[in-house]
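Novice: Here is my input; please provide its structure:
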Amino acid sequence: MELGYDAWAAVRARTIQLLARNSELDRDETLKRGAFVSQGSVKMHLPATIGDYTDFYSSIHHATNVGVMFRGRENALMPNWKHLPVGYHGRASSVVVSGTPIRRPLGQTLPVDGADPVFGPCRLLDFELEMAFFIGGPETQLGERVSVTESRKRIFGFTNALRAANLNPLMKLGYDAWAAVRARTIQLLARNSELDRDETLKRG
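Specialist: Residues are numbered from 1 along each chain as shown. Below you'll find the predicted structure:
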């Protein structure tokens, strides 16, 4: 993942060649026995080791719907929402592979008829579907910027994640989140994009 976009594209192209019908791998039974394992004997893991992550509040429809519930339709979006990326720093250790048993979190909530918060299990545990993406490419130094133009080639791939709880932001955003076992690469999802057209022109 650290090698960058060109390496990702090359690996994807070679994988497609090897998995094609009548490829050298398809024709060689010895190679196939060494290259493939039975699905039943496989234990799936996260697509990559997650060292850090940020949760962005970036869907205008989601932000509007939530804002209507708390502030009414006239003031659904906060004034700064369209001018800066609203994000929350997450707890990377809380991200687990899809299918991992999830424990109901404990925290403080304010009873409807009470003046003081009480400690106990989350009573409104639900899920929300979120899109996640993995950032790759060469390591940047502290303070080094990645341009908007370059940023698309930094996205290794996309996956989906699930999380939610009715506790405070620290508990809610640090609570377990499921992430899918597969990351869909940006080349797969943008085959007709400008990035792929650039690669076609390079190959001439």
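Novice: can you list the domain ranges for the protein.
Specialist: Domains of the chain are assigned by the TED database as 54-89, 163-203.
Novice: Return the residues in contact with R27.
Specialist: Residues near R27 by C-beta atoms under 8 Å, 6 or more residues apart in numbering: none. (Glycine included, C-beta is placed from N, CA and C.)
Novice: how close does it get to L18?
Specialist: 11 Å (C-beta to C-beta, to the nearest Å).
Novice: where does the residue most central in space within the chain land in three-state SS?
Specialist: By C-alpha atoms, centre = their mean, the chain has its centre lying nearest to A132, at 1.8 Å. Here A132 is strand, with the state taken from DSSP: H, G, I helix; E, B strand; the rest coil.
Novice: looking at it, it is touching N160, isn't it?
Specialist: Yes: taking C-beta atoms under 8 Å as the definition, A132 is a contact partner of N160 at 6.7 Å.
Novice: For the residue nearest to the centre of the chain, name its beta-bridge partners.
Specialist: Beta-bridge pairing for A132 (DSSP bridges): T159.
Novice: all strands of this protein, in order?
Specialist: 54-56, 87-89, 95-97, 106-109, 118-121, 128-135, 155-163, 177-179, 184-185 (DSSP state E).
Novice: Can you tell me which of those strands is packed in deepest?
Specialist: strand 177-179 (a mean of 22; mean count of other C-beta atoms under 10 Å).
Novice: Give me the nearest residue to G4, chain neighbours excluded.
Specialist: G137 (4.6 Å; C-beta to C-beta, 6 or more residues apart in numbering).
Novice: what's the neighbour count on that neighbour?
Specialist: By the measure other C-beta atoms under 10 Å, the count of residues near G137 is 19.
Novice: so who does it touch?
Specialist: M1, E2, G4, Y5, K153, R154, F156.
Novice: so of those, which ones are in helices?
Specialist: The helices, defined by DSSP state H, take in Y5 from these.
Novice: List phi and psi for V42.
Specialist: Dihedral angles of V42 (phi, psi; degrees, to the nearest 10) stand at phi -100, psi 140.
Novice: Please tell me how far it sits from V97.
Specialist: 12 Å.
Novice: for T185, same thing?
Specialist: Distance, T185 to V97, using C-beta to C-beta: 19 Å.
Novice: low-confidence ranges in the chain?
Specialist: The chain contains residues with pLDDT under 70 at 161-181, 189-204.
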